[in-house]
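Student: can't give you the sequence, but here's the structure:
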């Protein structure tokens, strides 16, 4: 595995004044550059991962009824910087419901909770590095960063990869969201091409009849074409 450093502008700025909380939690000193890459042989020893049959279908985790909202299927490939599939890697996802509210006590947004949707899922990539899950398209929500601040609809991803240097936490967005231009979290990634890698693509191939629309979101761990971190 070769080591390609991430191009300038791919990672979000650690202190981005428009994203107010980064000013309080961002580092005060410049980053230290490590000249030698982390050896790829240092594998992540996490697990064993206990996966339940319904972990890949977020619409089945509630109290027995159908969740509200637009049903979707999300799929994609996880690859390394050489384009090789990252196999048997844990992918975790979490999101707000269709009204834009998370199922946890710190979310006090006035939107209603959905008793039939908790917004949590996990899966392992297959031999081709592919993952797939079923969910509900999340709604946007206000977040108090500035006047009229609303987050674009998004799904959080956590990936462990197969080595330490492949650890990634990011966010997947949906095409043509009008809130992109006003969202400092999305805009904190300086490079336009890198921001585009955070946006899923509508997929007619993965659309399931009249049941759910398909979206494809490929993820690259490390390298010049890496998927940016999403804070």
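Tutor: Received it, and whenever you're ready, just let me know what you need. Small disclaimer: the values here were computed from a predicted structure and weren't measured.

Student: where does residue 22 land in three-state SS?
Tutor: helix (DSSP: H, G, I helix; E, B strand; the rest coil).

Student: what residues are up against it?
Tutor: Going by Cβ atoms under 8 Å, 6 or more residues apart in numbering, residue 22 touches 13, 14, 15, 16, 188, 231. (Each C-beta comes from the backbone N, C-alpha and C, glycine too.)

Student: can you pick the most crowded of the residues you listed?
Tutor: Taking other Cβ atoms under 10 Å as the neighbour criterion, residue 188 ranks highest of the contacts of residue 22 with 22 neighbours.

Student: now do the buried residues in stretch 111-122.
Tutor: Along stretch 111-122, these residues count as buried under the neighbour rule (16 or more other Cβ atoms under 10 Å): 111, 114, 116, 117, 118, 119, 120, 121, 122.

Student: let's have those in CSV, adding pLDDT.
Tutor: Shown next, in CSV, are the buried residues of stretch 111-122 (pLDDT from 0 to 100):
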residue, pLDDT
111, 96
114, 96
116, 96
117, 97
118, 96
119, 97
120, 97
121, 97
122, 97
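
Student: relative to residue 117, how far out is residue 210?
Tutor: According to Cβ to Cβ, to the nearest Å, residue 210 stands 21 Å off from residue 117.

Student: if you could redo that for residue 193, that was the one I meant.
Tutor: Residue 193 is 34 Å from residue 117, where distance means Cβ to Cβ.

Student: likewise residue 57?
Tutor: For residue 57, the distance to residue 117 equals 11 Å [Cβ to Cβ].

Student: just residue 19 next, same as before
Tutor: Counting by Cβ to Cβ - residue 19 and residue 117 are separated by 28 Å.

Student: do the same with residue 163
Tutor: To residue 117, residue 163 is 34 Å away according to Cβ to Cβ.

Student: which residues in this protein form helices?
Tutor: 21-25, 184-187, 192-196 (DSSP state H).

Student: determine the longest strand present in the chain.
Tutor: Across the chain, the longest stretch assigned as strand under DSSP state E is strand 71-80.

Student: in it, what's buried?
Tutor: Using 16+ other Cβ under 10 Å as the burial criterion, the residues of strand 71-80 that qualify are 71, 72, 73, 74, 75, 76, 77, 78, 79, 80.

Student: so can I have CSV of the residues you listed showing distance to residue 53 and pLDDT?
Tutor: Listed next are these as CSV, based on distance: Cβ to Cβ, whole Å; pLDDT from 0 to 100:
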residue, distance to residue 53, pLDDT
71, 18, 98
72, 20, 99
73, 17, 99
74, 18, 99
75, 18, 99
76, 21, 99
77, 23, 98
78, 22, 98
79, 27, 97
80, 29, 94
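
Student: which one of the residues you listed is nearest residue 25?
Tutor: Nearest to residue 25, judged by Cβ to Cβ, of the buried residues of strand 71-80 is residue 78 at 28.1 Å.

Student: hey, what's that closest one bridged with?
Tutor: Per DSSP bridges, the residues bridged to residue 78 are residue 219.

Student: that one contacts residue 126, correct?
Tutor: No: judged on Cβ atoms under 8 Å, residue 78 makes no contact with residue 126 at a distance of 9.9 Å.

Student: follow-up on the earlier one: looking at the helices of the chain, spot the one closest to residue 159.
Tutor: Each of the helices of the chain has some distance to residue 159 by Cβ to Cβ; the shortest is helix 192-196, at 16.8 Å.

Student: ok now that closest one, how far from the chain's centre?
Tutor: The chain centroid and the centroid of helix 192-196 are separated by 15 Å under Cα atoms, centre = their mean, to the nearest Å.
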